[in-house]
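**Q** coords below, sequence missing:
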Ligand SMILES: Nc1ncnc2c1ncn2[C@@H]1O[C@H](COP(=O)(O)OP(=O)(O)OP(=O)(O)O)[C@@H](O)[C@H]1O
């Protein structure tokens, strides 16, 4: 039986006040279950990043409620929210948000260490995550010794380390060539198959084809939800043909 990992219930997010107020999200309701891979598409400014930051507890809703594994985020203190994020949520930021003074391995292990996992175990899990994105051989490199695509894969490894149940990825294939992009999509897909809920913002219909479901946003509202056009297994088959 699949469980609800994420639920947005009538969520709105307004920025600013009065004449300059912007409604980034308007009354959005969305449920994502364990094992589901959901793509979010929509024009620039439609609210895609806002949806992701609210889902990950990086920002708070103006109204409505966000539930992660049944916990309403609105009632949590800042510390409780930080703990839930570290434990349950992996986030791939558009600009990676990695720490330049740490190696790839240390960047990936950091959230585990912060969560109290012993160093050796955290490093073992980090190696495993780096292996999944195909760059375990770069574990000891610093960020300035890596290409943009390699840094992006470090960011993805950090999001999937330690079997997080909710993985949120904002344009995770942006800096990657198409082969590497497909590899990353395969990793996200396999995390969903292992039981995570994965939500990915993308501009590319081809990438959305890897998802089970595509949510379309416009002006802060969900205007449509559809099953992905392509069965991901078909894409896989095309790749290996
Ligand atoms: N911190 C903020 N302060 C004020 N307005 C904001 C803020 N963040 C987002 N907005 C506004 O909210 C709306 C939705 O922005 P959001 O970044 O969620 O859209 P998006 O669909 O992710 O866009 P893009 O594809 O360009 O990244 C936009 O009008 C944006 O200008």
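**A** Happy to help now that I have it. Everything numeric in this text was worked out from a predicted model, so none of it was measured.

**Q** from here on, contacts and neighbour counts on C-alpha atoms
**A** Noted.

**Q** Wait, a helix at residue 35?
**A** No: Residue 35: not assigned to a helix; according to DSSP: H, G, I helix; E, B strand; the rest coil it is coil.

**Q** how about the residues of the chain near the ligand?
**A** Those residues of the chain that sit near the ligand, judged by Cα under 6 Å from any ligand atom, are 15, 22, 24, 43, 44, 45, 46, 47, 48, 49, 50.

**Q** What's the PyMOL line that selects buried ones from those residues?
**A** Typed into PyMOL, the next command selects the buried ones out of the residues of the chain next to the ligand (criterion: 16 or more other Cα atoms under 10 Å):
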select buried, resi 24+46+47+48+49+50
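
**Q** Can I get the residues of the chain next to the ligand in CSV including distance to residue 204, secondary structure and pLDDT?
**A** Written out in CSV, the entries for the residues of the chain next to the ligand read as follows (distance: Cα to Cα, whole Å; DSSP: H, G, I helix; E, B strand; the rest coil; pLDDT from 0 to 100):
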residue, distance to residue 204, secondary structure, pLDDT
15, 27, strand, 93
22, 26, strand, 92
24, 21, strand, 96
43, 11, coil, 93
44, 13, coil, 93
45, 16, coil, 94
46, 15, coil, 96
47, 16, coil, 96
48, 14, helix, 96
49, 15, helix, 95
50, 19, helix, 96
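
**Q** which among the residues of the chain next to the ligand gets closest to residue 73?
**A** Using Cα to Cα, residue 50 comes nearest to residue 73 of the residues of the chain next to the ligand, at 15.3 Å.

**Q** re earlier: please convert the residues of the chain next to the ligand to a markdown table, extending it with distance to residue 205.
**A** What follows is those, written out as a markdown table (distance: Cα to Cα, whole Å):
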| residue | distance to residue 205 |
| --- | --- |
| 15 | 29 |
| 22 | 27 |
| 24 | 23 |
| 43 | 13 |
| 44 | 15 |
| 45 | 18 |
| 46 | 16 |
| 47 | 18 |
| 48 | 15 |
| 49 | 17 |
| 50 | 20 |
